[in-house]
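Q: just coords:
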């Protein structure tokens with residue numbers, strides 16, 4: 001049995017397996033899934049939106065926050081978090097594309 005205990009993002013190997021795709025590509029070769037696949041909810045160590053907003057609020061109170069780059073998560077969730085943080089007063093929020101180079105300035 002393969003047990004997934006964390007979130008599997010769209011288009012990742014884990015998500016393909018959870019969605020029942022078989023065969024799945026691994027390092028250029030296709031493999032049939034012959035194991036039982038299960039998901040255990042509730043074991044993720046990631047913060048939710050409210051926890052992330054609270055953390056950013058704490059940073060805003062103790063430093064001069066200039067920019068946030070959201071680089072982990074699905075696009076729809078990242079955009080919703082970005083909108084929420086803008087309403088919270090974060091001056092600049094970007095969601096870079098994979099492979100995009102972002103120049104940081106001080």
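A: Arrived safely. Treat the numbers as computed from the prediction; the structure is a model and nothing was measured.
Q: how would you label the residue of the chain most remote from its centre: helix, strand or coil?
A: Residue farthest from the centre of the chain, counting by C-alpha atoms, centre = their mean, is residue 34 at 28.0 Å. The three-state assignment at residue 34 reads coil, by DSSP: H, G, I helix; E, B strand; the rest coil.
Q: what residue lies at the spatial centre of the protein?
A: Closest-to-mean residue, the chain, C-alpha atoms, centre = their mean: residue 73 / 2.0 Å.
Q: Would you check how far apart it and residue 102 are?
A: 17 Å (C-beta to C-beta, to the nearest Å). Backbone N, C-alpha and C define where each C-beta goes, glycine included.
Q: One more: residue 80?
A: 21 Å.
Q: neighbour count winner among those two?
A: The residue with more neighbours, out of residue 80 and residue 102, is residue 80; 13 against 10, by other C-beta atoms under 10 Å.
Q: Enumerate every residue touching the more buried one.
A: Neighbouring residues of residue 80 by C-beta atoms under 8 Å, 6 or more residues apart in numbering: residue 49.
Q: give me the low-pLDDT residue ranges for this protein?
A: Along the chain, segments meeting pLDDT under 70 span 42-46, 105-106.
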